[in-house]
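K.L.:
okay, structure incoming, though there's no sequence with it:
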C-alpha cells in the first residue's frame with residue numbers, strides 16, 4: 001500500500017515537473033506571438049501614418065496623385081516608382097520628370113529620366129529586416145517593438161494596452177524549490 005502511494009506521488013511529481021518546464025519553455029513563445037500579433041493588428045494604421053504622401057489629392061474635380069499635380073504645375077518632380085517589366089516582375093526606378101514649355105509658357109512635352117534602383121531597394125529591404133528582426137529566429141526584436149509603440153503613441157491610439165513579461169533564469173536559482181511538493 002505504501003509503495004503504491006509512493007509511486008503515485010513520484011508520478012505526480014514527475015508530471016507536475018514536466019508541466020512546469022513546459023510552461024517555462026512555452027511562455028516566451030506565447031509572449032512573442034502576442035506581440036507580433038498586435039504589431040500586425042495595427043499595421044494598417046502605422047502604414048497610413050508613415051506613408052501619407054502617397055495618398056491622392058483633389059485637383060479641379062479629378063483625382064490625381066501629388067506627383068501628377070506637381071508635374072502639371074510645371075515643377076520638377078523626382079521620386080521612386082515601382083514598374084512592371086514584360087515578364088510581370090516589379091522593378092524600382094528613380095524618375096525625374098521635367099516639363100518642356102513653349103515660348104508662351106504652355107507645357108508642350110514632358111521629359112523623364114529613369115534610373116533602375118531595384119538592387120538598391122532589395123538591399124534596403126534586407127537591411128531593414130535585419131535591423132528589426134533577430135538573426136537566428138527571424139522574429140521581430142525589441143527595437144521594432146519600441147518603434148511601433150512610439151508610432152502608436154504619437155498617433156494617439158486609444159485603448160492601447162502594453163504588457164511586459166521578463167523571465168530571469170540563472171544558474172544560481174535553485175529550481176527544486178519551485179518543484180517541491
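P.N.:
Yep, that arrived. Note that this is a predicted model, so its numbers are computed, not measured.

K.L.:
any low-confidence regions in this structure?
P.N.:
1-3, 46-64, 159-181 (pLDDT under 70).

K.L.:
for this protein, which segments count as helices?
P.N.:
2-41, 43-50, 66-72, 118-132, 142-155, 176-179 (DSSP state H).

K.L.:
can I get those helices in CSV including distance to residue 99?
P.N.:
Quick note: C-beta positions are derived from backbone N, CA and C, even for glycine. Shown next, in CSV, are the helices of the chain (distance: least, CB to CB, whole Å):
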stretch, distance to residue 99
helix 2-41, 42
helix 43-50, 30
helix 66-72, 6
helix 118-132, 27
helix 142-155, 37
helix 176-179, 74
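
K.L.:
and the longest strand for the chain?
P.N.:
strand 90-101 (DSSP state E).

K.L.:
give me the contacts around it.
P.N.:
67, 71, 74-85, 107-118, 120-121 (CB atoms under 8 Å, 6 or more residues apart in numbering).

K.L.:
now do stretch 105-124
P.N.:
So stretch 105-124 is contacted by 71-72, 74, 80, 91-102 (CB under 8 Å, 6+ apart).

K.L.:
kindly supply the ChimeraX command isolating those of these that are buried.
P.N.:
Command for ChimeraX that selects the buried part of the contacts of stretch 105-124, burial taken from 16 or more other CB atoms under 10 Å:
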select :71,92,93,95,97,98,99
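
K.L.:
about what we covered before: list only buried entries from the contacts of strand 90-101.
P.N.:
67, 71, 77, 117, 121.

K.L.:
next, format the residues you listed as JSON lines and append distance to residue 34.
P.N.:
Output for the buried ones among the contacts of strand 90-101, formatted as JSON lines (distance: CB to CB, whole Å):
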{"residue": "67", "distance to residue 34": "40"}
{"residue": "71", "distance to residue 34": "46"}
{"residue": "77", "distance to residue 34": "43"}
{"residue": "117", "distance to residue 34": "37"}
{"residue": "121", "distance to residue 34": "32"}
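
K.L.:
sheet partners, orientation included, of the longest strand of the chain?
P.N.:
Applying DSSP bridges, strand 90-101 is found paired with strand 77-84 (antiparallel), strand 107-116 (antiparallel).

K.L.:
please identify which of those strands is closest to residue 133.
P.N.:
Of all the strands paired with strand 90-101, strand 77-84 sits nearest to residue 133, with 23.2 Å by CB to CB.
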